[in-house]
Structures are given as C-alpha cells and as structure tokens.
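Engineer: No letters, just coordinates:
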C-alpha cells in the first residue's frame, strides 16, 4: 500500500497517471520524452515544453533561459517544474533515429569463438550503444544500435555519477540492461533464433559505464585520486549483470580497464587497431566526452584521458543535438557563405558534432571568427534557418578541442616522442568516423603534424570486443597489454596545463 497521491497528466493529448510532487522532467523521461543533457540541473535549457495546469511557479533558474514572452506562452523547463495537480504538457520530439556507428576495424584473427552456438559483442558508449551478433563460423548475423537511455540523467559521466550518488544507481543499471536486452532480442529475431541461444557475450565500455552495468560503486571515481574499485577483465554470468534475454548462466566477459578513466573501450579498440603489433610509432585516440588516447612505440604503451565534455556529442551547445534526422552534419562555404547538409534532407533542427567542427572551421575561413575565439556576429552566427552558434558555443568548442589536443601533445612529450616521429594516428569512435579531418586540424582539435597520418577506424571498441568474442586467445593478450600500460596523469601536470592554454586559440 502507498499513500502517494496520483494526478492526471495529458502528454501530447494522451492521458497518464503522475505522482503529486513529481518532477516534470523525471516524469517525462520515464515516458521516453525529453532531452536532458545537463542531467536535469537546469543548466542547459534544452528540456523546453509547453505546459499548463497545476504546476510550480517559474523559478529564477528557468527565467535565465525563458523570456517573459516564453513564459506567457506556457513554455517551461521540465526539469525545473514540480507537479502540484492535474496538468497538460506538449513535448516536441526532435529528429528521428540516431546515426550510430556499428561497423569498424575488424582485422582477421584465428577463429576460436568463446561461445558454443551464438555470441554477441556490445559496446556501451556514454552516448550510444552498439551490438553485433555472430555464429560459430564468424558470420555477422545482425547488428543493432540505439542511444544510451542513461542520458536522462545527463549527457556526461559526471552527471550520471552524481545521480548514482543520489541513489539512482539501480535505475542507471536497469536502463542500460533493458537497452542491451532489447538489442540482443532484436538481433536474435533478425537472425531467426531465440535470444537464449546466445550463450556468451563480450561487453565493453569505459570504466564508469561498466560500473553502472554491474552496479559497482562509482563514488571513488568522483574525486581525487580517482580510484576505481573494479577494473574488470573478468567473466560474469548474464544473471549476475541482470541480462534477462540470455540464459541465466550465459557467460559475459567484461574486458579490462587500465584505470579510472582509461577504460575497456579503449583497450578493445587497441586490440582492433593492431598498433601494438605493427612495430610503428602510433597513437590511438577516441574523441568523446572523455578523450582516451594511447601511444605505442617499441613495445612501450602509454595512455591517458582528458575530460573534453559533451560538446562534440551535441550537448552544451545552444542548437546542439545528436547525429540524427534534422541535424546539420556537414558545413562548407560557397562564395563566402555557409552551406550545409542536413541528415534526412529536411529542415534543420540543430547541429551535431561533425557539423559543429565544420561550422567553426568555416567561420574561421570567412573571418567571422578570429583566432582568439571572438565571434563577430552578434548574438549568433547563423548556419541555416534557426540553427546558429553563439559566443558561448564557440567557447565550449575551444574548451573541448584544447583538452583533446593538449592531451595528445602531453602524452607525446611525457613519452619523449615528437609529433614527427608518429607514423600513424588512429581515430576511433562514432564521432571520429564522421569527422572531416581537414577541418579538425583547422580548428586545432588534432595536431597539424598528424593531419596527413590519420586512419579512421570506426567503432573500434566494438570491433575489438568482436575479435575477443571470435578469437578466445585475444582475451589474454588484451589483459596482458592492459597490465603493461603506463598511465600519464594529466591532473596538475604542468605540461598539460601549458598545452591546454596554448591550444585554446584557433
């Protein structure tokens, strides 16, 4: 029994029960509506809805984003609203299905599957999830992808760890488990098998994502010295990690993490890249909310990570969005004017990461933006229609790109390697797959000396997980490599601090 009072909610005309006193953003997120890049802290202004009825009065936080005219029309920030009684709300669903990279580097390897009938490889990204299903002959039977539903607690791992500290760890685990189960069931149906026939899986991800999956405490990861309670590199059962689509005793391998923020995803990407076996002096980088990078030279392996923030995932940008229908994903100039491509070829709803990099490069080219990051256009530079970039957006790009660039240069300097010595720069991850390398160099996201050495790998984390799934001997090799990695700590590192400030310029 519960004394919780229920009120009536009309969401886009459909009736739903809602608890009195509920946060409107949490309620809508539970129904699958809404966009909460800041984790519901009222910092991004992206959870705009049109609402009426018994709701809390507009807060000062809302008024920073909403004009009197907005408020007069019923516009509210869902995460700042408390339900006081019956209400109605209209929520706009922007864009269609996201474009998520499921293909990527998969070098040939000896076939020795760790499964008996069918096996699955899964990559838990901060923003996206991707999976593949194989048979014992190594044939790819199906693949699937979707957005990470944990985004309702924020676009970045910091927001989600704060949510875990606030007793939402179980919800974070359930969200990703349900999503993985959905992908596994969907792929099984596509292949004409029962999901219970999938008897083993390899699930990769960064340290925080694997911790959420397994309900491992992430509190030590929220403060210095950023210690991880669990670095994985272990087998568990599907039952132990709450994957109901598989048999309870199905084997699930969680690859090793090298450190708190050098996760299993970069370790499996390293397997797919082959740079440790190539004999080359090479760098592997995965550009995301947490930029992870590895340097391999003459048997030495060094790695680091840097917090770039979610700008390149479309979060924290006024018109930012993920790479889905309606997103501007490419920008170029013609006769000094900005031109763009929109995913789905319709009207633009926002700009995704690849389009953001292109747009900034074009603004530099047309001199609407100077090397300090000052934007000539006031209040914003229009890309197309209502999609534009503000001065704050440019600053967010500067912070993100300088963190990635400075991290790479610090890794090289601390390893005694000059950029000229690097023979190959492997770029992994979904964002890197759609990146215009010339523009990435132009804005200073990637070092100029490495621009002509780039090899785009696609979803290498998933590729490496697939290789371990299909060739059991690679598991031990991955674990051995991880133990040999020397971590470069960027916190309070004077080289990184200097490089970070220098790379802030365009």
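Structural biologist: Yep, that arrived. Quick caveat, the model's predicted, so the values are computed rather than measured.

Engineer: quick one: low-confidence parts of this structure?
Structural biologist: 1-3, 34-35, 39, 93-106 (pLDDT under 70).

Engineer: Domain map for it?
Structural biologist: Dividing the chain into domains by automatic domain parsing, as the record does, gives the ranges 6-90, 118-278+460-467.

Engineer: all helices for the stretch 101-250 of the chain, in order.
Structural biologist: Per DSSP state H, counting those that start in this stretch, the stretch 101-250 of the chain has helices spanning 157-163, 169-191, 207-214. These are given in chain order.

Engineer: any chance of those in TSV, with mean neighbour count and distance to residue 236 too?
Structural biologist: Just so you know, the C-beta spots here come from the backbone N, C-alpha and C atoms, and that holds for glycine as well. Rendered in TSV, the data for the helices of the stretch 101-250 of the chain read as follows (neighbours: other Cβ atoms under 10 Å; distance: least, Cβ to Cβ, whole Å):
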stretch	mean neighbour count	distance to residue 236
helix 157-163	22	21
helix 169-191	19	13
helix 207-214	26	7
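
Engineer: Quick one, which of those gets closest to residue 355.
Structural biologist: helix 157-163 (23.7 Å; Cβ to Cβ).

Engineer: Tell me the spatial nearest neighbour of residue 250, not counting adjacent residues.
Structural biologist: In this structure, residue 250 finds its nearest non-sequential neighbour in residue 238, 4.1 Å apart by Cβ to Cβ, 6 or more residues apart in numbering.

Engineer: Residue 455 too?
Structural biologist: For residue 455, ignoring the flanking residues on the chain, the nearest one in space by Cβ to Cβ, 6+ apart is residue 426 at 5.0 Å.

Engineer: Now that neighbour: which helix or strand?
Structural biologist: When elements are assigned from DSSP states H and E, residue 426 belongs to strand 424-428.

Engineer: helices or strands next to the helix or strand that that strand is followed by in the packing?
Structural biologist: Toward the C-terminus, strand 424-428 is succeeded by helix 430-433 as the next helix or strand (DSSP H and E). Using 3 or more Cβ pairs under 8 Å, 6 or more residues apart in numbering; DSSP states H and E as the contact criterion, the secondary-structure elements in contact with helix 430-433 are strand 454-458.

Engineer: Remind me what the strand it packs on packs against, helices and strands.
Structural biologist: Packing contacts for strand 454-458, counted by 3+ Cβ pairs under 8 Å, 6+ apart, involve helix 264-273, strand 424-428, helix 430-433.

Engineer: could you dump these to CSV with distance to residue 88 and mean neighbour count?
Structural biologist: Below are the helices and strands packed on strand 454-458 laid out as CSV (distance: least, Cβ to Cβ, whole Å; neighbours: other Cβ atoms under 10 Å):
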stretch, distance to residue 88, mean neighbour count
helix 264-273, 42, 29
strand 424-428, 45, 25
helix 430-433, 37, 26
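
Engineer: now the ones you listed as TSV including distance to residue 445?
Structural biologist: What follows is the helices and strands packed on strand 454-458, written out as TSV (distance: least, Cβ to Cβ, whole Å):
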stretch	distance to residue 445
helix 264-273	18
strand 424-428	10
helix 430-433	10
